[in-house]
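K.L.:
the following block contains a protein sequence and its predicted model.
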Amino acid sequence: MTLRSRLVATFTGLLLIVIAALGVMAVNASREVLTSQVDDSLAGIRDRVGGGFGRFFAAGPFARESDPATQPVAVVIVDTEGTVVFADPSGFADDPDPLPSVDALLDLVGTEDIQTVPSEDGSLEYRAFAREIEGLGTEAWAAPLDQVESAVDVIVRTVILTGTGVAFVGGALTWWTVRRGLQPVDDMVETATAIAGGDLSQRIVATDPSTELGQLGVVLNEMLSQLETALTHEQAANERLKQFVADASHELRTPLAAVKGYTELYRKGALAEGDQLDNAIRRISRETSRMEGLVSDLLLLARLDRGQAMERRSVNLAAVVRDAVTDGTVIDPSRPITLYSPDSLRVIGDERRLTQVVANLLANTRVHTPEGTTVDVTLGRQNGSVVLEVVDDGPGLPDESERLFDRFNRVDDSRARDSGGAGLGLSIVAAIVKGHGGSVAAGNEAGRGARFTITLPIES
């Protein structure tokens, strides 16, 4: 059974129970009211007749002569021997009611209460009272309850018909209300089915956020957005991984091919002369160094990804930058480097890795700018953080500067060796800075060339 059916059945069942309870109370209350009216009439008779046969025969309003067609009460007189000496039944003259049970009437003697007694044949009930006439017998008056029962039967039928109608209408309204209220659930099922089919763009139809289902819809939409974003990122990461493997294979294949080629030449005796052999050994050594550097960079990136490659201690970043600038000037004096830095500015991090960050940024400038390009390196505090900027007067960055920090990315897609290394330098910079809780950004400086900005948390 569906939730909708259970809710409708439960509410309709509760409604029927309430209607039945109200009906029982209404029927009982009506029977009590009508019976009390009969009792009031009998009490009036009892007060007027007082006691004795003379009083009975003087009770003109209750004698049949007052209305020969009907008699509202039955009158029974029993002598001391228990023999009925007078009986005037209630009802129509031509169709009188059965007399009340004499034994039941005699049981009322000695009490002043008006009680219910059956008829002789058990087909009718009376409300009756009886009193003893000293030395003569017993006199009793009984009012039939047939009209009371008829009225109660009408009330019962009315309650049943009305209750059935109310239960039907209530069930229909409940079904409509539940169907409308649970419509968002149906929408959620359809959306979940579509998502299970691969359509991650599906969302729950907007509902009233003030309701529980509306709030659930909002939360589910947020969850679906995060899920779609996570899956998109995962797909992008998988694509980057595939590209990474392809690029690494390409980078390793070239030096391996060179080493293999020179080895084959030597094996075939083509490198017999001294100069040729020396040149082959030199080329093999250079390609081996290139592979060693590439593998070292890949291992470093792997360790950085796992957060296993850095120490944590207080570092004077100003001294690190100053030493790196000095080394850069010595390596390539044709590119003057100007440093703007305080004497001391400390951060928490790995001094060796931070040195590698500055060295890679300056190496990137040497590779991608012409000779004579000036470089400005600025270190300082800004908005509670340490900011390092490297700005050059070169040709600037391409439009797709957001890919600069991707692994094996080159500004020159031709992969020519004179355009730089393997394309891992800036990836290492980004990984190290991220490991220090900082951020790296790249762009073009207005009126100048490329600008790289490193932001690190300051030592607290």
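P.N.:
Received it, and whenever you're ready, just let me know what you need. Numbering: from 1, shown residues only.
K.L.:
look up phi and psi at residue 92.
P.N.:
Note on residue 92: its backbone torsions stand at phi -80, psi 150 [degrees, to the nearest 10].
K.L.:
which residues does it form a beta bridge with?
P.N.:
Residue 92 has the following beta-bridge partners by DSSP bridges: residue 70.
K.L.:
the one 4 residues further on too?
P.N.:
Beta-bridge partners for residue 96, by DSSP bridges, are residue 91.
K.L.:
just the pLDDT for residue 387.
P.N.:
At residue 387, the pLDDT value in this model is 94.
K.L.:
before we move on, what about residue 328?
P.N.:
Residue 328 is given a pLDDT of 89.
K.L.:
now stretch 215-222: average pLDDT?
P.N.:
Average pLDDT, stretch 215-222: 79.
K.L.:
try stretch 89-108
P.N.:
87.
K.L.:
does residue 371 lie in a helix or a strand, and which?
P.N.:
Using DSSP states H and E, residue 371 sits within no helix or strand.
K.L.:
quick check, pLDDT for it.
P.N.:
88.
K.L.:
mind checking the SS state of the residue lying closest to it once chain neighbours are set aside?
P.N.:
Spatial nearest neighbour of residue 371, excluding adjacent residues (C-beta to C-beta, 6 or more residues apart in numbering): residue 334 at 4.4 Å. Bear in mind the C-beta positions are built from the backbone N, C-alpha and C, glycine included. Assigned by DSSP: H, G, I helix; E, B strand; the rest coil, the conformation of residue 334 is coil.
K.L.:
so which bits of stretch 34-47 are buried?
P.N.:
Counting neighbours by 16 or more other C-beta atoms under 10 Å, one finds that the buried residues in stretch 34-47 are 34, 35, 38, 39, 41, 42, 45, 46.
K.L.:
name the helices or strands packed onto the helix or strand hosting residue 39?
P.N.:
Here residue 39 sits within helix 3-49, counting by DSSP H and E. Packing partners of helix 3-49 (3 or more C-beta pairs under 8 Å, 6 or more residues apart in numbering; DSSP states H and E): helix 53-58, strand 125-133, strand 137-144, helix 146-181.
K.L.:
pick the most buried one from the ones you listed.
P.N.:
strand 137-144 (a mean of 24; mean count of other C-beta atoms under 10 Å).
K.L.:
give me the distance between that one and the centre of its chain.
P.N.:
75 Å (C-alpha atoms, centre = their mean, to the nearest Å).
K.L.:
looking only at pLDDT, what's the mean for it?
P.N.:
89.
K.L.:
before we move on, what about stretch 23-37?
P.N.:
According to the model, stretch 23-37 has a mean pLDDT of 90.
K.L.:
contacts for it, please.
P.N.:
127, 145, 147, 148, 151, 152, 155, 156, 159, 160, 163 (C-beta atoms under 8 Å, 6 or more residues apart in numbering).
K.L.:
can you rerun that using 6 Å?
P.N.:
With C-beta atoms under 6 Å, 6 or more residues apart in numbering as the test, stretch 23-37 has contacts from 148, 151, 152, 155, 156, 159, 163.
K.L.:
pLDDT for those - can I get that in TSV?
P.N.:
Listed next are these as TSV, based on pLDDT from 0 to 100:
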residue	pLDDT
148	89
151	91
152	91
155	90
156	91
159	89
163	88
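K.L.:
tell me which of the helices and strands packed on helix 3-49 sits nearest to residue 319.
P.N.:
Nearest to residue 319, of all those, is helix 146-181, at 68.9 Å by C-beta to C-beta.
K.L.:
check which helices and strands the closest one sits against.
P.N.:
Using 3 or more C-beta pairs under 6 Å, 6 or more residues apart in numbering; DSSP states H and E as the contact test, the elements touching helix 146-181 are helix 3-49.
K.L.:
off-centre distance for the helix it packs on?
P.N.:
46 Å.
K.L.:
next one: stretch 375-385
P.N.:
46 Å.
K.L.:
equivalent analysis for stretch 329-341, please.
P.N.:
59 Å.
K.L.:
need the contact partners of that stretch.
P.N.:
By C-beta under 6 Å, 6+ apart, stretch 329-341 touches 318, 321, 325, 328, 366, 371-379.
K.L.:
how about a cut-off of 7 Å?
P.N.:
318, 321-322, 325, 328, 365-366, 369, 371-379 (C-beta atoms under 7 Å, 6 or more residues apart in numbering).
K.L.:
end-to-end on stretch 117-132?
P.N.:
The first and final residues of stretch 117-132 sit 17 Å from each other (C-alpha to C-alpha, to the nearest Å).
K.L.:
please apply the same query to stretch 130-143.
P.N.:
12 Å.
K.L.:
what's the answer for stretch 393-405, then?
P.N.:
21 Å.
K.L.:
what's the answer for stretch 188-204, then?
P.N.:
First residue to last in stretch 188-204 (C-alpha to C-alpha) measures 6 Å.
K.L.:
buried stuff in it?
P.N.:
Buried-residue list, stretch 188-204, by 16+ other C-beta under 10 Å: 188, 191, 195, 202, 203, 204.
K.L.:
got the contact list for the last one?
P.N.:
The neighbours of residue 204, taking C-beta under 7 Å, 6+ apart as the test, are 187, 188, 191, 217, 220, 221.
K.L.:
any chance of those in TSV with secondary structure and distance to residue 123 as columns?
P.N.:
As requested, the contacts of residue 204 are exported to TSV (DSSP: H, G, I helix; E, B strand; the rest coil; distance: C-beta to C-beta, whole Å):
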residue	secondary structure	distance to residue 123
187	helix	64
188	helix	65
191	helix	69
217	helix	67
220	helix	69
221	helix	73
